[in-house]
Every structure is written in structure tokens, then in C-alpha cells.
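Asker: Have a look at this fold, sequence not included:
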């Protein structure tokens, strides 16, 4: 599990000590001041029908609908029906071939955008596309912002994962200098703190 703490060194140290005291914790590794590799996983489901159809898609994906026995539920259903009727008047009625062309254009644009961010298309259906992206948190944020106009139906993020970068040795230097470099630049990970195996 990766936990990012920002604050004064005393507060971070106190949190580290408290985490070490938890029973299932094998080790708490502090990467403060070290170069690290950061990644975050994103799974996102995006509409390929266009932004004007997103509300209808989200409504059709609901797991539970309100019961008609409750007065509030009846009022909500009536209000929802009225909004749907207004919404239907706003959406331009397209011929099936034009709708198919627009869907194909959206699908093509989404796959190109995903390729630019080095992501993957993991699922395709008739009305949506599921995408996967593993990148730095800032890049994931930028990708989500670019997907918003298409209509995001669902999104799940893993949170940041981190690992220290490996040390690169210069093979032309002599052995003594390599030993000093390893001590100065190390990853900050004490191997005795890692779990067995």
C-alpha cells in the first residue's frame, strides 16, 4: 500500500511510527528525498454515442429504481419524466446512418486519444468504451479532463503506487568510487525491513 503524506517532518515521522505499530504491517519504507517511480491505474467507461446521450445512458445503468409506494418516489418519477421529455425535445433526432457515423467518429477519436496517452482499450460495446491507463497522477488527471466532453459514465482510480528508482553505476569509474556512490545515492530502503521471501 502506498500512502502519500505531506507535512512537517515531525508529523510524517509520527505517522510512520504509528503505521509500524499495526499488527499486519511488515515494513514502512520512507522515500522522502529519493527519486521514485510514480504510477496510477485508471479504468474509465466513456460514451461513444456523444455527450447528448450521456444522461440517458446513466439513467439506464441504474441498479435500483425508487418504489412507487412512497409519495416522494412518485414525485421524483414525475419530475424525472418531465426532465426526460424536455431532454428528448433538445436532442436532435438523427437518421440511423448519421448516428452510426457519429458513433464511429467518437470511437475513432477516443482510441486515438488513448493511444496518445499510451493507454489501452479494454472493452467495446454498442454505446460505450472502457479504457485503461497507467501513468503519473498528473497525466491521469489530464486524460480525464480530455475525456469529459465525450461523457464519462464510470471511472475508477487505484491511487498512487511508488517504487524507488534503481541506481545507475558508471562502469568506467574505479571500485572505490562506486562504493561511495552507492552509499550516497542509495534508495533509502533497508533490506532488513522487507518481508521474508
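Answerer: Cool, got the structure. Computed from a prediction, not measured in an experiment: that's the story for all the values here.

Asker: hey, let's count contacts and neighbours off CA atoms from now on
Answerer: Fine.

Asker: what's near enough to touch residue 143?
Answerer: For residue 143, the residues meeting the contact criterion (Cα atoms under 8 Å, 6 or more residues apart in numbering) are residue 117.

Asker: for the one 3 residues further on, same thing?
Answerer: Contacts here follow Cα under 8 Å, 6+ apart; on that basis residue 146 touches nothing.

Asker: so where is this protein shaky, pLDDT-wise?
Answerer: Scanning the chain for pLDDT under 70 picks out the ranges 1-2, 25-26, 51-78, 80-94, 172-197.

Asker: Tell me where it has helices.
Answerer: Assigned by DSSP state H, the chain shows helices spanning 9-20, 54-60, 71-90, 96-116, 137-147, 175-185.

Asker: tally of neighbours for residue 150?
Answerer: Here the count is done by other Cα atoms under 10 Å, and residue 150 has 20 residues near it.

Asker: Return the distance of it relative to residue 143.
Answerer: Taken as Cα to Cα, to the nearest Å, the spacing of residue 150 relative to residue 143 amounts to 12 Å.

Asker: tally of neighbours for the spatially closest residue to residue 47 that is not a sequence neighbour?
Answerer: Nearest-residue entry for residue 47: residue 128, 4.3 Å, with adjacent residues in sequence omitted and distances by Cα to Cα, 6 or more residues apart in numbering. Other residues near residue 128 number 22, with proximity taken as other Cα under 10 Å.

Asker: my guess is residue 128 meets residue 50, correct?
Answerer: No: between residue 128 and residue 50 there is no contact under Cα atoms under 8 Å: 9.6 Å.

Asker: quick one, what contacts residue 40?
Answerer: By Cα under 8 Å, 6+ apart, residue 40 lies in contact with 134, 135, 136, 137, 140, 157, 158, 159, 160, 161.

Asker: could you check the distance from it over to residue 79?
Answerer: Plainly put, residue 40 is 40 Å away from residue 79 if you go by Cα to Cα.
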